[in-house]
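Engineer: please find the sequence and the predicted model below.
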Amino acid sequence: MTASPTVRTDPAVDPGPAVPAGAGGPARWRWAVGGTLVVLALAELLPRTGVLPSAHLPPLSAVVEALVEQLGRPSFWTATGQTMLGWLVGGAAAVLAGTVAGFLLGVVPAVRRATASTLDFLRPVPAVALVPVAILLFGTQLESKVLLVVWAAIWPVLMQVVAGLAEVDPVARETAAALHLSPAQRLRHLIAPSVLPAWWTGLRLSVSVALVMTVAAELIIGNAGLGKAVALAQDGGVVPQMYALIAVTGVLGVIADVLVRAAERRLMPWHVSHRAGIGRGASW
Amino acid sequence: MVIRELPSAATDLTEGPASDAPPRTVGRRRLRRAVVGTALFAGLPAALFALWWALSAGSTSFFFPPLSRIVDTFGTTWTPTRIGQDVLPSLVRLLAGFALAGVVGIALGVLIGSVPRLAWALGPTLAFLRAVPPPLLVPAIMLVLGIGDGMRITVVAVGCVWPVLLNTVDGVRSIDPLARDTVAGLHLSAVQRLRHLVLPAAGPRIAAGLEQALSLALVMVVISEMFAARDGLGRSILVFSQTFAIPAMWSGILLLGVLGILLAFGFRAVQRWALAWWFGATGAVR
């Protein structure tokens, strides 16, 4: 990651570890623009020249055309809104529950040790295992989507809070005890500096996991939203439209990541340098 | 998440018996530690299971049958024939896709991590592709490859290549500059550099990426089977719920959970073994 916190990189084109931030200067931007143009040209030319089957992998221009057409349709905006609703409700519930549970399980070392194995047993249970239960309980309503999202997205925040609490410096802990800090002071000066950065990493992962599970639920269960729209487009053979909708979810994911990173940089500029890599801990 | 504690030479040294204590107390202390450790490890899970068993014992709810009935159904549902037909194919697809993602992810990751210009050129593209939710690619891959094992394996590979790729890039890039310079002075071949410097140094990060990839692989294989399949674990569970075979459905969910746990624990065992070997073999470099 960045060598020093003062180096600023444009988050829009910074996929974390995939770009060496703080190195290269202007050369780096030339390569980024050039490389992206080459990729876009290939996406247009390979299907057009028949190297790739254009019936299943349409040229870029056809996808862009379908995207523009989609942007003019109310049904597209409805589907986008439904996906974002599930994403927000499920993600917020997961972050809230994960934070509370993380503190309850992590703040007392004995409780942390006693619950560690239970977390290890529960965490690998995949969210998709709950699909049948979600269908039985809630059908295609918003709740079934939210249930899957919460199960998948609660883990990054929960595990990060527990890990952050475990990493509170023992010397600082004793100092705080010697100074007779009040619980509020301890939270502000002892716990927060250690837990907040870890919590934020968990938040970022939870946000991206929540989007993935939202569209996965829409795809499998058939809740209204972009995932269902992609399945319908595939079913109806409108191939460019399917790719356009897939691209839109990708853009949603990029925007969310950029927002969370920007907020993190603003709120915790001191920590960016030793934060964990972007892909770490993402399991749904 | 924070990287799980990796076994290293340092922890091995501190694990040894405390040299100032007489041997017998050390043995007793170890025994006590083992007992306490087992109690801490198994205590709460066992208690929760017992609680579920007790609370659901008299359940008349259609959706939430008693655990005893689920366990009974487990035996009759997951017969060897059924495991051969539905569970093994899922596992084979999962492992094939995971292996493909591992090979591609590590190869590309080493390449991108070692050539900064390539990383700059591909950065924006990778950032966008990574943000696309992999489950959405199931319909697209189905279109290109049809409904078959090739599609399923590709879905798994595409879904779980990202953690491997990004962690490998990160691991390769964070190689100690001193070690890199030292090795450069030795005029090793590219293969030797890979074998003695790059892979050992990036090993722990690659392992962390592979661990995430494995849990994603299980999710992706189930999604691909639930979306469109003739067989497989995901498909079976969905059919059970659609035909209201509720205890069988719960037994399938349990099986899926157990598989997830076994994969996670199995990976950790392999990782401990592989990384110990790695660190041992590279003691001279590090």
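Structural biologist: On my side now, so go ahead. Every value quoted in this text rests on a predicted model; they were computed, and no experiment measured them.
Engineer: grab the most central residue of chain A for me.
Structural biologist: residue A:208 (1.3 Å; C-alpha atoms, centre = their mean).
Engineer: where's that residue relative to residue B:146, distance?
Structural biologist: Distance from residue A:208 to residue B:146, counting by C-beta to C-beta, to the nearest Å: 30 Å. Where you see a C-beta, it was placed from the backbone N, CA and C, and this is true even at glycine.
Engineer: same check on residue B:170?
Structural biologist: 36 Å.
Engineer: compare these two and say which is more crowded by neighbours.
Structural biologist: residue B:170 (25 against 10; other C-beta atoms under 10 Å in any protein chain shown).
Engineer: element containing that one, please.
Structural biologist: If you go by DSSP states H and E, residue B:170 is part of helix B:149-173.
Engineer: quick one: low-confidence ranges for the stretch 151-286 of chain B?
Structural biologist: B:229, B:277-286 (pLDDT under 70).
Engineer: actually, chain A.
Structural biologist: For chain A (pLDDT under 70), the answer is A:1-24, A:269-284.
Engineer: please parse it into its domains.
Structural biologist: A:21-54, A:58-274 (automatic domain parsing).
Engineer: next, count neighbours for residue A:123.
Structural biologist: 18.
Engineer: and the helix or strand containing residue B:112, what's buried?
Structural biologist: Following DSSP H and E, one finds residue B:112 within helix B:88-114. Across helix B:88-114, burial judged by 16 or more other C-beta atoms under 10 Å in any protein chain shown covers B:89-91, B:93-98, B:100-102, B:105-106, B:108-110, B:112-114.
Engineer: now do stretch A:163-180
Structural biologist: In terms of neighbour count (16+ other C-beta under 10 Å), stretch A:163-180 has its buried residues at A:163, A:164, A:165, A:166, A:168, A:176.
Engineer: nearest to residue B:152, of these?
Structural biologist: Nearest to residue B:152 among the buried residues of stretch A:163-180 is residue A:163, at 34.3 Å by C-beta to C-beta.
Engineer: test my guess that residue A:111 contacts residue A:105.
Structural biologist: Yes: counting by C-beta atoms under 8 Å, residue A:111 does reach residue A:105; the two are 5.9 Å apart.
Engineer: so the two - more neighbours on which side?
Structural biologist: residue A:105 (20 against 13).
Engineer: what sits against the more buried one?
Structural biologist: Counting by C-beta atoms under 8 Å, 6 or more residues apart in numbering or on different chains, residue A:105 touches A:111, A:112, A:115, A:119, A:158, A:162.
Engineer: sort out which residues of the host helix or strand of it are buried, please.
Structural biologist: Per DSSP H and E: residue A:105 is located in helix A:74-106. Judged by neighbour count (16+ other C-beta under 10 Å), helix A:74-106 contains these buried residues: A:76, A:79-80, A:82-87, A:89-95, A:98-99, A:101-103, A:105-106.
Engineer: and the helix or strand following that helix, anywhere near chain B?
Structural biologist: For helix A:74-106, the succeeding helix or strand toward the C-terminus, using DSSP H and E, is helix A:109-122. Yes: using C-beta under 8 Å from any C-beta of the partner chain, helix A:109-122 reaches chain B at A:113, A:114, A:115, A:116, A:117, A:118, A:120, A:121.
Engineer: closest one of these to residue B:235?
Structural biologist: For these, the nearest to residue B:235 is residue A:121 (25.3 Å; C-beta to C-beta).
Engineer: any idea how far residue B:255 is from that closest one?
Structural biologist: The value you get for residue A:121 to residue B:255, if C-beta to C-beta is used, is 14 Å.
Engineer: before we move on, back to that, the residue nearest to the centre of chain A: which element?
Structural biologist: Counting by DSSP H and E, residue A:208 is found in helix A:192-220.
Engineer: just the element for the residue of the stretch 51-200 of chain B found nearest chain A, please.
Structural biologist: Residue nearest to chain A within the stretch 51-200 of chain B (C-beta to the nearest C-beta): residue B:121, separated by 2.6 Å. Residue B:121 is located in helix B:116-131, with elements delineated by DSSP H and E.
Engineer: returning to what we had before: near chain B too, which of the buried residues of stretch A:163-180?
Structural biologist: A:163, A:164.
Engineer: of the buried residues of stretch A:163-180, which belong to helices?
Structural biologist: Among the buried residues of stretch A:163-180, the ones falling in helices (DSSP state H) are A:163, A:164, A:165, A:166, A:176.
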